[in-house]
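1. Got a predicted structure here, sequence first:
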Amino acid sequence: MSCCCVFQKVRYCTAGRALKVSLCMVVGCLLVGVMQLYLWTYDPASQLCTVRRSATKGGSASLFSIWSWVTEMIMFLVVPLIILVVNIVVMREVFVFHSLLFSGCLLLGDSVAQWLASCLAIG
């Protein structure tokens, strides 16, 4: 956020917002985990965890199958793609500032120069 939107980082990158985002992530992870409590059951006779029969009714249209596909697509496709896009945007912004800085088109004050140096160190 601080590399792409320098002047908006003060408004968006606050401790309160970081706490809210962290709490939302914890709640999201707990919700995904709670569903696993319903889907799996422990069989004391064989001492194994198995998928609950009621969750597998319907074959490929069962709750277990749909839940597994949806959560795996989100965790292993959507989230990495979002991270990739954000990283590409950040690298593009750093490249633009870097090229403007060394072409002489951009005159920097001390605080902006420190910000740019930190972004270049990250990227």
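-> Thanks, I have the structure now.

2. Can you identify each of the strands in this structure by residue range?
-> All strands of the chain, identified by DSSP state E, fall at 40-43, 48-51.

3. I'd like those laid out as CSV, including distance to Leu84, mean neighbour count and mean pLDDT.
-> Where you see a C-beta, it was placed from the backbone N, CA and C, and this is true even at glycine. Formatted as CSV, these follow (distance: least, CB to CB, whole Å; neighbours: other CB atoms under 10 Å; pLDDT from 0 to 100):
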stretch, distance to Leu84, mean neighbour count, mean pLDDT
strand 40-43, 32, 11, 93
strand 48-51, 33, 11, 94
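
4. Minimum distance to Ser22: which of those has it?
-> For those, proximity to Ser22 was assessed by CB to CB; strand 40-43 is nearest, at 27.5 Å.

5. which helices and strands sit right next to that closest one?
-> Where contact means 3 or more CB pairs under 8 Å, 6 or more residues apart in numbering; DSSP states H and E, strand 40-43 is packed against strand 48-51.

6. Other residues contacting stretch 33-44?
-> Residues from elsewhere that reach stretch 33-44 (CB atoms under 8 Å, 6 or more residues apart in numbering): 48-52, 55, 63-64, 67.

7. what's the span of that stretch from first residue to last?
-> 22 Å (CA to CA, to the nearest Å).

8. now it, how far from the chain's geometric center?
-> Relative to the centre of its chain, stretch 33-44 is centred 26 Å away, using CA atoms, centre = their mean, to the nearest Å.

9. Val70 versus the most centrally placed residue in the chain, what's the distance?
-> For the chain, the residue nearest the mean C-alpha position is Val79 (5.5 Å; CA atoms, centre = their mean). Distance of Val79 to Val70, given as CB to CB, to the nearest Å: 13 Å.
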